[in-house]
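J.: The amino acid sequence is not available; the structure is as follows:
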């Protein structure tokens with residue numbers, strides 16, 4: 001099964017709900033009650049109230065002087081509105097960022113526990129290796145011994161070096177040493193794993209600020225990318241996490257995992273609407289090939305079951 005099919009299957013529930021509500025709206029005179037129902041469906045699919053209100057406003061404007069029997073027109077309006085909202089989520093691929101950026105290119109990977117942060121980082125490293133880049137992994141999650149071991153297992157599996165200290169070491173010092181090692185070993189990319197931390201814990205977020213300060217001391221201008229990994233199944237809570245991490249470390253890109261599971265999917269649109277951050281990667285499975293660049297058109301088509309008409 002290809003990654004597009006996994007994405008489509010993961011969003012089946014949302015697609016069915018949206019299309020069901022949309023189909024009841026189509027083929028008749030505009031019914032305010034059905035518009036309200038469609039708006040509620042969009043909100044419950046994690047697109048959020050702001051996005052839902054904008055979609056309904058665009059549909060009402062498109063239907064002025066006509067009715068909802070213009071199926072192709074309604075589909076086009078809905079699809080184009082979501083694509084317009086997602087425009088800020090489009091951005092260059094990691095390969096492009098690295099090719100155009102300094103060497104080593106430093107990526108700080110952040111997020112709460114359980115979102116697939118370490119796994120996503122390792123998959124990205126393997127993908128970069130396949131593109132003839134030399135990555136270096138840095139185990140700055142010293143809070144859990146298991147996290148260091150997990151990253152080492154991944155490093156051994158894909159054949160990449162990892163910089164690690166003992167359990168309980170200062171994560172900022174590990175990050176600093178990792179960048180020094182990358183410069184000495186001529187690595188192209190440094191991927192720094194950090195401890196999963198609750199966005200509501202101020203002391204842990206302050207520790208993350210310290211990591212970013214020392215990274216800047218180790219290499220002027222670093223970090224070059226702060227990649228926030230979010231679990232798409234968390235819905236609006238993922239948006240709350242994104243707000244806090246952006247404030248703490250100046251998040252510059254997002255990776256959304258578990259879009260092949262129970263995620264409603266609309267949260268991608270809600271985050272793009274509010275935070276205007278590029279979605280660098282989406283995860284739709286366990287394999288390396290399931291970590292893919294975000295493609296707004298493919299995502300909207302999978303979310304809505306619509307295509308250009």
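T.: That came through, no problem. A quick note: this is a predicted structure, and the numbers were derived from the prediction, not measured.
J.: which residues in the stretch 151-300 of the chain form strands?
T.: With DSSP state E, counting those that start in this stretch, the ranges of strands along the stretch 151-300 of the chain come out as 162-163, 189-194, 225-231, 253-257, 279-283, 291-293.
J.: what's the most buried one of the ones you listed?
T.: Among those, strand 189-194 has the highest mean neighbour count (mean count of other Cβ atoms under 10 Å), at a mean of 28. To be clear about C-beta, it is placed using only N, CA and C from the backbone, and glycine gets the same treatment.
J.: what angle do it and strand 225-231 make?
T.: Counting by axes from the mean of the first three to the mean of the last three Cα atoms, to 10 degrees, strand 189-194 lies at 50 degrees to strand 225-231.
J.: Pairing partners for strand 189-194, with directions?
T.: Its sheet considered, strand 189-194 pairs with strand 105-110 (parallel), strand 135-140 (parallel) by DSSP bridges.
J.: Could you save those strands as JSON lines and add columns showing distance to residue 258 and mean pLDDT?
T.: Below are the strands paired with strand 189-194 laid out as JSON lines (distance: least, Cβ to Cβ, whole Å; pLDDT from 0 to 100):
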{"stretch": "strand 105-110", "distance to residue 258": "16", "mean pLDDT": "95"}
{"stretch": "strand 135-140", "distance to residue 258": "22", "mean pLDDT": "96"}
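J.: Let me have these in a markdown table, adding mean neighbour count and distance to residue 47 as columns.
T.: Shown next, in a markdown table, are those (neighbours: other Cβ atoms under 10 Å; distance: least, Cβ to Cβ, whole Å):
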| stretch | mean neighbour count | distance to residue 47 |
| --- | --- | --- |
| strand 105-110 | 26 | 25 |
| strand 135-140 | 28 | 35 |
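J.: Tell me which stretches of the stretch 201-309 of the chain form helices.
T.: For the stretch 201-309 of the chain, the helices defined by DSSP state H, counting those that start in this stretch occupy 202-218, 236-249, 267-275, 296-304.
J.: tell me what the second one is packed against?
T.: Helix 236-249 sits against strand 105-110, helix 202-218, strand 225-231, helix 267-275, with contacts defined as 3 or more Cβ pairs under 8 Å, 6 or more residues apart in numbering; DSSP states H and E.
J.: Which one, of these, ends up nearest to residue 7?
T.: Smallest distance to residue 7 across the helices and strands packed on helix 236-249 (Cβ to Cβ): 10.9 Å, for helix 267-275.
J.: So for the closest one, mean pLDDT?
T.: Averaging pLDDT along helix 267-275 gives 92.
J.: Report the contact partners of the most centrally placed residue in the chain.
T.: Residue closest to the average C-alpha location in the chain (Cα atoms, centre = their mean): residue 255, at 2.6 Å. Going by Cβ atoms under 8 Å, 6 or more residues apart in numbering, residue 255 touches 120, 227, 228, 229, 230, 279, 280, 281, 282, 283, 291.
J.: which residue sits closest to residue 289, ignoring its sequence neighbours?
T.: In space, residue 289 comes closest to residue 3 once its chain neighbours are excluded; the distance is 6.3 Å by Cβ to Cβ, 6 or more residues apart in numbering.
J.: Now do the contacts for that neighbour.
T.: When contacts are counted by Cβ under 8 Å, 6+ apart, residue 3 touches 284, 285, 289, 290, 292.
J.: Turn the strands paired with strand 189-194 into TSV, columns for distance to residue 204.
T.: Formatted as TSV, the strands paired with strand 189-194 follow (distance: least, Cβ to Cβ, whole Å):
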stretch	distance to residue 204
strand 105-110	11
strand 135-140	13
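J.: quick one on the thing from earlier: what's near enough to touch the closest residue to the residue nearest to the centre of the chain other than its chain neighbours?
T.: Spatial nearest neighbour of residue 255, excluding adjacent residues (Cβ to Cβ, 6+ apart): residue 281 at 4.1 Å. Listed by Cβ under 8 Å, 6+ apart, the contact set of residue 281 reads 94, 120, 124, 227, 254, 255, 256, 291, 292, 293, 294.
J.: pLDDT score for residue 281?
T.: Looking at residue 281, its pLDDT reads 94.
J.: do you know which of the strands of the stretch 151-300 of the chain lies nearest residue 211?
T.: For those, proximity to residue 211 was assessed by Cβ to Cβ; strand 189-194 is nearest, at 6.4 Å.
J.: what angle sits between the closest one and helix 202-218?
T.: Angle between the axes of strand 189-194 and helix 202-218 is 160 degrees (criterion: the same axes, to 10 degrees).
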